[in-house]
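Engineer: Need coordinates for the below:
(chains A, B, C and D)
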2 protein chains.
Amino acid sequence: MRIGELARTAGTTTRALRYYETQGLLHAPRRSNGYREYDESHLRLVREIQTLQAVGFALEDTRPFVECLRAGNESGDACADSVAVYRRKLAEVDACLERLSEVRAEIAAKLAASSLGGEPVLNSSLRKLRSVTRACHQREEACPRRSR
Amino acid sequence: MRIGELARTAGTTTRALRYYETQGLLHAPRRSNGYREYDESHLRLVREIQTLQAVGFALEDTRPFVECLRAGNESGDACADSVAVYRRKLAEVDACLERLSEVRAEIAAKLAASSLGGEPVLNSSLRKLRSVTRACHQREEACPRRSR
DNA sequence: GCTGGCGTTGACGTATGGGTCAATGTTTAG
DNA sequence: CTAAACATTGACCCATACGTCAACGCCAGC
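Structural biologist: Next up, the predicted model:
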């Protein structure tokens, strides 16, 4: 099938598919006229990418899964690299959850203080929070990105 | 004081301070030679911005707080607009927490399945997760951004 | 007077995942 | 034959919060 059909089938756009190709995630053979030719295996790769992206994986993080599928495995996470990404992502999400819980508490405290008359928030606790935040941020962004 | 001193005092850079000015967050009067002249009140504004950014507020979200301070209030959250931002942020963080919890569960499930022999993950649950995800993503990004 | 350190504005770079033309070629239906 | 519908590559656009030059002005000390 050609790129338009694959895009419709997978519920994405031709632009995205070509972009995946530039990222080395989706290699398609060319017809004599230069058109890309896809088959069912490509569709599976695209679905794998979409599934992982939906959970918040960066495109780069889907690479091991895609390569695992291309290597002939029936599942993208049958390879060590893929499982390693699972573990890393889990750790990132946990860090983000922890961090967000603190942020939540802090905002709630600020909100309570302000509606109760606007008492100034303690600087010491803010400084502590800020350092925690930096650590989380520098830990390579665990929170899911926007998709649009 | 001049911009370099303010930057050092506040622990930021001159670039950031000038950027705040272009965003209309930090208006500084000019000396005869064109240099920006800051005082203690500006330092407080910068600290307010930093405090809020540390909790994951976008620059734009700090505007009501800054204007509230400039309006003469002793606290940036003494104004209705600021409190409204608190509430919105709280809702965003809650949405992100909820979403991340689901993501965490999904990744944990995938990980368990893969290390137990690579059983394929259920498509139905993935589809459900994906829809939840889109909803969270489209709700204007609640998760704290990276700082670097 | 010259060097160094500070200030100014302007403009481009960063990362992410594509969207959106534009100019051009190919294939298919009528 | 021609128009529509598809394909190709290339290039610029989006947001965010600055970093990093570049080219230049101002001022203090030696």
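Engineer: Compute the distance from the centre of stretch A:66-75 to the centre of its chain.
Structural biologist: 19 Å (CA atoms, centre = their mean, to the nearest Å).
Engineer: If you could redo that for stretch A:92-100, that was the one I meant.
Structural biologist: In terms of CA atoms, centre = their mean, the centre of stretch A:92-100 is set 15 Å apart from its chain centre.
Engineer: so who does the residue nearest the centre of chain A touch?
Structural biologist: With distances taken as CA atoms, centre = their mean, A:F57 lies nearest the centre of chain A, 2.0 Å away. A:F57 is in contact with A:85, A:89, counting by CB atoms under 8 Å, 6 or more residues apart in numbering or on different chains. Backbone N, C-alpha and C define where each C-beta goes, glycine included.
Engineer: Any figure for the gap between it and DNA strand D?
Structural biologist: Distance of A:F57 to DNA strand D, given as CB to the nearest atom of the strand, to the nearest Å: 18 Å.
Engineer: what's the spacing between that residue and A:S75?
Structural biologist: Distance, A:F57 to A:S75, by CB to CB, to the nearest Å: 16 Å.
Engineer: And for A:A108?
Structural biologist: Distance, A:A108 to A:S75, using CB to CB: 42 Å.
Engineer: out of the two, which sits in the busier spot?
Structural biologist: Neighbour count, other CB atoms under 10 Å in any protein chain shown: between A:A108 and A:S75, A:S75 has more, with 19 against 14.
Engineer: That one touches A:T51, doesn't it?
Structural biologist: No. Judged on CB atoms under 8 Å, A:S75 makes no contact with A:T51 at a distance of 11.4 Å.
Engineer: What residue in chain A comes nearest to DNA strand D?
Structural biologist: Of all residues in chain A, A:G4 sits closest to DNA strand D, at 2.5 Å by CB to the nearest atom of the strand.
Engineer: Which is the succeeding secondary structure element to the helix or strand that contains that residue?
Structural biologist: Under the criterion of DSSP states H and E, A:G4 resides in helix A:3-10. Remark: after helix A:3-10, the chain's next helix or strand is helix A:14-22, criterion DSSP H and E.
Engineer: Run the contact check for that following helix versus chain B.
Structural biologist: No. On the criterion CB under 8 Å from any CB of the partner chain, helix A:14-22 is out of touch with chain B, staying 15.3 Å away.
Engineer: could you say what helices and strands that helix packs with?
Structural biologist: Using 3 or more CB pairs under 8 Å, 6 or more residues apart in numbering or on different chains; DSSP states H and E, the elements in contact with helix A:14-22 are helix A:3-10, helix A:40-54.
Engineer: go with 6 Å
Structural biologist: When contacts are defined as 3 or more CB pairs under 6 Å, 6 or more residues apart in numbering or on different chains; DSSP states H and E, helix A:14-22 packs onto helix A:3-10.
Engineer: Mind giving me the packing neighbours of the helix it packs on?
Structural biologist: For helix A:3-10, the packing partners by 3+ CB pairs under 6 Å, 6+ apart are helix A:14-22.
Engineer: mind exporting the helix it packs on as PDB, just the C-alpha atoms?
Structural biologist: What follows is helix A:14-22 as a C-alpha-only set of coordinates in PDB (Å, rounded to 0.1, in the frame of the first residue of the first chain):
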ATOM      1  CA  THR A  14       1.500  11.100   5.700                       C
ATOM      2  CA  ARG A  15       3.600  13.800   7.300                       C
ATOM      3  CA  ALA A  16       4.000  11.800  10.400                       C
ATOM      4  CA  LEU A  17       4.900   8.700   8.500                       C
ATOM      5  CA  ARG A  18       7.600  10.500   6.500                       C
ATOM      6  CA  TYR A  19       8.800  12.100   9.700                       C
ATOM      7  CA  TYR A  20       9.200   8.600  11.200                       C
ATOM      8  CA  GLU A  21      11.200   7.700   8.200                       C
ATOM      9  CA  THR A  22      13.600  10.600   8.700                       C
END
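Engineer: Done for today, thanks.
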